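>>> Sequence first, predicted coordinates after that:
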Amino acid sequence: MKIRVKELSEALGVEIADIISICAILKLPASSSISSLSLQDAKKITDYHENN
């Protein structure tokens with residue numbers, strides 16, 4: 001299953017640009033609001049966001 005960057009940003013209550021920045025830090029392939037993320041990658045982003 002996949003989730004879009006936009007959906008994850010809405011779920012976390014953060015800007016899309018912040019999610020894309022976290023993706024760059026974690027070296028995950030996402031460059032726009034419609035980029036798809038695996039649920040595993042979404043969890044990595046969520047964990048990073050909550051801990052930093």
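Cool, the structure landed.
>>> Which neighbouring elements make contact with the longest helix along the chain?
Counting by DSSP state H, the longest helix found in the chain is helix 39-51. Contact partners of helix 39-51 among helices and strands, from 3 or more C-beta pairs under 8 Å, 6 or more residues apart in numbering; DSSP states H and E: strand 2-4, helix 5-12, helix 16-25. C-betas here are computed from N, CA, C, even on glycine.
>>> List the contacts of Ile22.
Applying C-beta atoms under 8 Å, 6 or more residues apart in numbering to Ile22 gives the contacts Ile45, Tyr48, His49.
>>> distance of the second one from Lys27?
Which is Tyr48. As judged by C-beta to C-beta, to the nearest Å, Tyr48 and Lys27 stand 12 Å apart.
>>> neighbour-wise, which of the two wins?
Shown here are Tyr48 and Lys27; by other C-beta atoms under 10 Å, Tyr48 has more neighbours (14 against 6).
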